[in-house]
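1. Got a predicted structure plus its sequence, pasted below:
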Amino acid sequence: MSVSLYYRASRAVPLTTAETAAVERIVAAHRSAFPYQDEESLYLYEDDVREPSEVVAGSTKMPFEPDRVVPVLDHVLRSVSELRRALPGAEWHVHMDDLDVPWDGTEGYAFPGMRDPDLAAELDPLREDG
């Protein structure tokens with residue numbers, strides 16, 4: 001059984017040209033910096049798959065290996081946090097299956113403790129480019 005992270009932003013007003021460019025920039029930056037070539041990354045659904053009120057929606061399947069989940073989750077959540085900051089006035093829902101991911105105005109989306117420096121140092125050697 002797989003676990004996925006889901007993210008969506010809804011609002012009555014569609015994206016502006018500047019917001020669309022910001023979303024594309026954030027997605028491109030995320031993909032170029034994503035260090036796990038064999039894992040699923042940030043993925044945004046095409047317009048015809050989203051609900052009419054959704055301006056952004058997507059999902060990422062989490063790795064099966066427990067030591068890979070936190071680094072992949074952290075990378076994707078940082079990008080989703082950037083997307084949220086780039087789209088003012090949108091209502092966001094970010095969850096991992098049935099578990100909502102909390103939002104913090106400073107830290108962005110993260111589960112408690114997942115950005116602990118000791119945990120990051122322990123998992124960093126597991127990266128493919130590290």
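-> All right, it came through fine. Numbers count the residues shown, from 1 in each chain.
2. make it CA atoms for all contacts and neighbour counts henceforth
-> Fine.
3. Helices of the protein, start to end?
-> If you assign secondary structure with DSSP state H, the helices in the chain sit at 17-33, 66-86, 117-123.
4. hmm, which helix or strand of the protein has the shakiest average pLDDT?
-> Of all the helices and strands that make up the chain, helix 117-123 has the lowest average by mean pLDDT, DSSP states H and E, namely a mean of 65.
5. my read: residue 15 touches residue 54, true?
-> No. Using C-alpha atoms under 8 Å as the test, residue 15 is too far from residue 54 to be in contact (9.8 Å).
6. Neighbour count: those two, which is higher?
-> When residue 15 and residue 54 are compared on other C-alpha atoms under 10 Å, the one with more neighbours turns out to be residue 54, at 20 against 16.
7. ok, that one to residue 112 distance?
-> Using C-alpha to C-alpha, to the nearest Å, one gets 27 Å for the distance from residue 54 to residue 112.
8. Also residue 36?
-> When distances are taken as C-alpha to C-alpha, residue 36 and residue 112 turn out to be 23 Å apart.
9. okay, the two: which has more neighbours?
-> In this comparison of residue 36 against residue 112, neighbours counted by other C-alpha under 10 Å, the higher total goes to residue 36 at 16 against 9.
10. Now do the more buried one, the pLDDT please.
-> Model confidence at residue 36, expressed as pLDDT, equals 86.
11. where does it fall, phi/psi-wise?
-> Torsion angles at residue 36 (phi, psi; degrees, to the nearest 10) stand at phi -110, psi 90.
12. Next, work out how far apart it and residue 72 are.
-> Between residue 36 and residue 72 the distance is 8 Å, computed by C-alpha to C-alpha.
13. Out of the helices of the chain, flag the one nearest residue 2.
-> Nearest of the helices of the chain to residue 2, taken as C-alpha to C-alpha: helix 66-86 at 11.5 Å.
14. Only the buried residues of the closest one, if you could.
-> Of all the residues in helix 66-86, those buried under the rule 16 or more other C-alpha atoms under 10 Å are 68-84, 86.
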